[in-house]
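Undergrad: Here's my sequence, what's the structure:
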Amino acid sequence: MCAMNTADRPAARRGPCAAIPAEQMDSVRQMLDRIGDKWSMLVIAVLEAGPLRYTDLQREVPGISQRMLTVTVRQLQQDGLVTRTAYAEVPPRVEYALTPVGRSLHHVVASLITWVADHHSQIREHRTQVEDAGNT
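TA: Residues are numbered from 1 along each chain as shown. Have a look, this model is predicted:
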């Protein structure tokens, strides 16, 4: 039997984390946290249709503040999921678009958004039941 290199040690014995080396779990958790937040998912979903200017992107993501949109697109850009292209025009024009990696994530994000929309009423109903049970 070969000794297992500690660098190859899985993060868990079963489930999806079993395929991930333990030393990669911090970065995996960080990425799940980043792409799993509501604003990132909505920005990725909206950008699938093609590049958008900042104001158009803000209009297409209901409820997002200017500050939150700026933070979100910067983080997505930092992770290589979104590009920012500035055009030397007057007035200046900036567009945001998904990278190939960002596009590869879109189907997962779209599926999750669809699932939430499809089950929204059931989840709300259950939350109400739990709240009502807690108040008695």
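Undergrad: Low-confidence ranges, the chain, go.
TA: 1-8 (pLDDT under 70).
Undergrad: Okay, helices next: where are they in it?
TA: 25-35, 38-47, 54-60, 66-78, 100-134 (DSSP state H).
Undergrad: In TSV: those, plus distance to E89 and mean neighbour count.
TA: Every residue, glycine included, has its C-beta placed from N, CA and C. As requested, the helices of the chain are exported to TSV (distance: least, Cβ to Cβ, whole Å; neighbours: other Cβ atoms under 10 Å):
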stretch	distance to E89	mean neighbour count
helix 25-35	31	12
helix 38-47	21	21
helix 54-60	14	15
helix 66-78	20	16
helix 100-134	25	11
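Undergrad: if we compare those, which one ends up closest to A86?
TA: Across those, A86 has its closest neighbour in helix 54-60 (10.7 Å, Cβ to Cβ).
Undergrad: Tell me which other helices or strands that closest one touches.
TA: helix 38-47, helix 66-78, strand 93-98 (3 or more Cβ pairs under 8 Å, 6 or more residues apart in numbering; DSSP states H and E).
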